[in-house]
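K.L.:
Mind folding the following:
(one chain, ligands or ions: 1)
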Amino acid sequence: MASIKGNIELAHGSRIGVVGGGPAGSFFSFYALEYARRFDLDIHLDIFEPKDFTKVGAGGCNHCGGIISESLVQHLATDGIVIPSEIIQRGINTYTMHTEHGSRVIRSPSDEHRIASVFRGCGPRGCLDVNQRGFDNYLLGLCSDRGAEVIHEKVASLERAGDQVRVSTSKSEDREYDLVVGAVGLNKKGLELFKSVCPAYSLPVTTRTYISEFFMKPEEIQDNFGDSMHVFLLDIPHITFGALIPKENYVTLVLLGKDIDKKVVKNFITSKEVRSCFPKDFPMERAMTCTCYPYVNVKQGNHPFADRVVLIGDSGSSKLYKNGIGAAFLTGKAAASTAIFEGVGEADFKSFYEPICKDLDRDNQVGKLIFWVTRLIQKSPVLKRGLLDRLAKEQGDEQSMLRLSSVLWDTFTGSAGYRDILKRFVYPKQVAGLIWSVIGSNLSVLKSKNYEKQKAGPSL
Ligand SMILES: Cc1cc2nc3c(=O)[nH]c(=O)nc-3n(C[C@H](O)[C@H](O)[C@H](O)COP(=O)(O)OP(=O)(O)OC[C@H]3O[C@@H](n4cnc5c(N)ncnc54)[C@H](O)[C@@H]3O)c2cc1C
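P.N.:
Residues are numbered from 1 along each chain as shown. Alright, predicted model coming up:
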């Protein structure tokens, strides 16, 4: 309905159709229903989701490393959503950074800095443990509890129908909505559907990544990985970031970078540093039970809204490489508050929703700089030695403020914004300490090399 202000607003009996029941679709639905309840607004909300998140393997999974950042855990807790323990595969309280020049275990900068690892679906292909519970299913359940209707169908087309948007699937009758929310992740066909109802929208730019699950005995995981996320700063072409994330009886391998293919994966898993994380005779390739090459967002879509249409999560704006679920939370919640409290016209989304997307975009620009520096470090033995030396000093000092450790913790876990990370990284005392470590650690390597040469005597 058009309001007195001239905006397009939802009213009693309005219908919302959410296309996609991943985290973005669920967060939007949860908050839209919650705000409508508080506003005494009687709305109907349908979520279209073809996947069955209670199934194991690809059919029930939205491929992801499954790290829930502590900032998201805290945001959710503030709003009364406490992730149940049966969803959490493992609480992560340290990370271990591996380079060709050694490793460092880095403890969480504070006791509150804890992250959780989860499965998005019900477990990898071949998983027989019926007790596994997935994160996406849990979120969707919260929405159903609040009155959302989940329609297990794939949306096939969208079109304008007078003042409404018509949603069609191949299985049931068309439905019309006062607002349609695009939360289809990076599914290209799903995103293309929105071009017909949101003509100014341009699709996000993506790149291919890699995930696989190693099946292991829980005691082997505890002995070899502990409650630590293992990250690798190795000079392997195409890889910007590699991590092994321990779960209950699986270890998830995540590779981010450019043009990742089988050869790049093989180079990574056969590297000495990765191999040494696993038991000696562990059959690496045979134990990889579930493998996929999902896309990740490297540049957000433009203008993800129109009258009665808004795109959220990966389909709209995400966080570069990290904490995509956190970005789905931010954009889903912002779109829900705009729709319920402000209106569902293009102007409303521009005033109240677009600033959130722009802010994520600005932060991602700084993120690109941070990952450029990370790549420099990956390629430079001199810098890697300095970094390891500085971390060892910090972690060994009880009084230390753990500045570098917390910067790296937030970079690897995605728990803080990139601008915040950069600000903390360029703190003068910290930069000076790092430079000192780079010089000191490399001088001692040089000295020991010279000593070895002298000991070996003059060559004939
Ligand atoms: C390798 C990798 C590792 C990652 N690791 C992490 C991590 O550890 N932590 C983190 O926070 N983020 C991580 N992310 C990012 C995270 O997975 C995404 O940002 C997040 O899933 C986005 O949520 P979403 O709801 O927008 O999209 P999705 O999770 O992709 O959900 C989209 C949903 O839409 C549905 N859909 C698609 N088309 C249609 C249609 N036509 N009709 C109806 N439904 C449809 C799909 O079935 C799907 O359920 C990772 C990403 C990658 C690629």
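
K.L.:
From now on I want contacts and neighbour counts done on CA atoms only, so please keep to that.
P.N.:
Fine.

K.L.:
Tell me the residues of the stretch 301-450 of the chain that contact the ligand?
P.N.:
313-315, 322-326, 328 (C-alpha under 6 Å from any ligand atom).

K.L.:
repeat for the stretch 151-300 of the chain
P.N.:
Residues of the stretch 151-300 of the chain lying near the ligand (C-alpha under 6 Å from any ligand atom): 154-156, 183-187, 190, 209-211, 254, 294-296.

K.L.:
returning to what we had before: and the least confident of the residues of the stretch 301-450 of the chain next to the ligand?
P.N.:
Within these, pLDDT reaches its minimum at residue 322, with 86.

K.L.:
residue ranges of the helices in the stretch 301-450 of the chain, please?
P.N.:
Along the stretch 301-450 of the chain, the segments classed as helices by DSSP state H, counting those that start in this stretch run 324-337, 346-352, 354-379, 381-396, 403-413, 418-425, 428-456.

K.L.:
what's the longest one packed up against?
P.N.:
So that's helix 428-456. Contact partners of helix 428-456 among helices and strands, from 3 or more C-alpha pairs under 8 Å, 6 or more residues apart in numbering; DSSP states H and E: helix 381-396.

K.L.:
Near residue 120, how many other residues are there?
P.N.:
Under the neighbour criterion other C-alpha atoms under 10 Å, residue 120 is assigned a count of 26.

K.L.:
no wait, residue 405
P.N.:
21.

K.L.:
for it, what are its contacts?
P.N.:
106-109, 391, 394-395 (C-alpha atoms under 8 Å, 6 or more residues apart in numbering).

K.L.:
Closest to the ligand out of these?
P.N.:
Proximity to the ligand was ranked across those by C-alpha to the nearest ligand atom; first place goes to residue 108, at 17.1 Å.

K.L.:
Nearest to residue 122 among the contacts of residue 405?
P.N.:
Distance to residue 122, by C-alpha to C-alpha, is smallest for residue 108 among the contacts of residue 405, at 28.3 Å.

K.L.:
distance of the closest one from residue 401?
P.N.:
Using C-alpha to C-alpha, to the nearest Å, one obtains 12 Å as the distance from residue 108 to residue 401.

K.L.:
So which of the two has more stuff around it?
P.N.:
Counted by other C-alpha under 10 Å, residue 108 and residue 401 do not tie: residue 108 has more neighbours, with 20 against 13.

K.L.:
Report the contact partners of the more buried one.
P.N.:
Taking C-alpha under 8 Å, 6+ apart as the criterion, residue 108 is in contact with 93-95, 114, 405-406, 409.

K.L.:
Lowest-confidence one in those residues?
P.N.:
Comparing the contacts of residue 108 by pLDDT, residue 114 comes last, at 71.

K.L.:
I'd say that one and residue 70 touch.
P.N.:
Yes. Contact criterion C-alpha atoms under 8 Å: residue 114 and residue 70 qualify, at 5.6 Å.

K.L.:
among the contacts of residue 108, which two are most distant?
P.N.:
The widest separation within the contacts of residue 108 (C-alpha to C-alpha) is 14.0 Å, between 114 and 405.

K.L.:
What are the boundaries of the helices in the stretch 51-200 of the chain?
P.N.:
Secondary structure of the stretch 51-200 of the chain, counting by DSSP H, counting those that start in this stretch: helices at 70-78, 135-145, 188-193.

K.L.:
of these, which approaches residue 234 most closely?
P.N.:
helix 70-78 (26.2 Å).

K.L.:
Low-confidence regions, the chain specifically.
P.N.:
Applying pLDDT under 70 to the chain flags residues 1-6, 109-113, 128, 130-132, 458-460.

K.L.:
Kindly state the domain boundaries assigned to it.
P.N.:
The chain breaks down into these structural domains: 15-66+131-205+299-365, 90-127+207-296, 366-447 (assignment by automatic domain parsing).

K.L.:
Can you tell me which of the ones you listed is packed in deepest?
P.N.:
Mean neighbour counts were taken over the domains of the chain using mean count of other C-alpha atoms under 10 Å, and the top value, a mean of 21, falls to domain 15-66+131-205+299-365.
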